[in-house]
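In: compute the structure for the input listed below.
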Amino acid sequence: MVNWQDPARVAADYLAFIKLIHVMAGILIWDFVVNLPFDMSVFTKKRKLRWTFMLYLGCRWWPILCITVILVGMDVGHKINCVLQRLVKEFISQRPAQTFAYLSFIFASALIVLRIWRRAKFSTAIWDRNKFAVGLASAAWLASTGSYLQSVHPSFQYTRRD
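Out: Next comes the predicted model:
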């Protein structure tokens, strides 16, 4: 049986996790660079800027910021002061990474909800502009956004007052 508390086992698992994160970061960065000409065509006004493009940019830029913060937090190569390490972990690495990840999900979910709301060919074939489907998707998006806000920002936490 595997001893999961063995320091050698923990170190091997941590190294595998770091390698996995770096592979996923490479795939994300590759996708970002490949699609960058489309973004630049909008910024250089070769394509018309629509308001939904801002959601699209959020879906692309928030994950890049998230993975950058995670990689910076993981790739500290030398020992640092314990107080500084705690501050880096709490305020520079953990909370912004969580916030950026949640923003990515919020923007991606908003694009899906907009796809259901709009009267496009593909959504018509699936949903047939069903008001129940639109309402359900909107309620799910609002519930997940509220859940993300509650978990990220401490002022949204419910505290019981006795």
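In: going forward, measure contacts between C-alpha atoms and count neighbours the same way
Out: Fine.
In: which secondary element of the chain has the worst mean pLDDT?
Out: helix 121-127 (a mean of 55; mean pLDDT, DSSP states H and E).
In: what segments of the protein are helices?
Out: 7-34, 36-43, 52-74, 82-87, 95-117, 121-127, 131-152 (DSSP state H).
In: who's in contact with the second one?
Out: Just to be clear, that refers to helix 36-43. 47-49 (C-alpha atoms under 8 Å, 6 or more residues apart in numbering).
In: what mean pLDDT does it have?
Out: Helix 36-43 shows an average pLDDT of 88 in the prediction.
In: and the angle from that helix to helix 7-34?
Out: Helix 36-43 runs at 50 degrees relative to helix 7-34, counting by axes from the mean of the first three to the mean of the last three C-alpha atoms, to 10 degrees.
In: for helix 36-43, buried residues please.
Out: Going by neighbour count (16 or more other C-alpha atoms under 10 Å), the buried part of helix 36-43 is D39.
In: same thing with the first one?
Out: Residues of helix 7-34 classed as buried: 21-22, 25, 29, 32 (neighbour count, 16+ other C-alpha under 10 Å).
In: same check, this time on the last one
Out: Along helix 131-152, the positions that meet the burial threshold by neighbour count (16+ other C-alpha under 10 Å) are 134, 137-138, 141, 144-145, 148-149, 152.
In: what angle separates it from helix 95-117?
Out: 170 degrees.
In: with pLDDT and distance to A11 added, can I get the buried residues of helix 131-152 in JSON lines?
Out: Formatted as JSON lines, these follow (pLDDT from 0 to 100; distance: C-alpha to C-alpha, whole Å):
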{"residue": "V134", "pLDDT": "76", "distance to A11": "48"}
{"residue": "A137", "pLDDT": "80", "distance to A11": "43"}
{"residue": "S138", "pLDDT": "83", "distance to A11": "44"}
{"residue": "W141", "pLDDT": "85", "distance to A11": "39"}
{"residue": "S144", "pLDDT": "86", "distance to A11": "35"}
{"residue": "T145", "pLDDT": "85", "distance to A11": "36"}
{"residue": "Y148", "pLDDT": "79", "distance to A11": "32"}
{"residue": "L149", "pLDDT": "76", "distance to A11": "34"}
{"residue": "V152", "pLDDT": "70", "distance to A11": "29"}
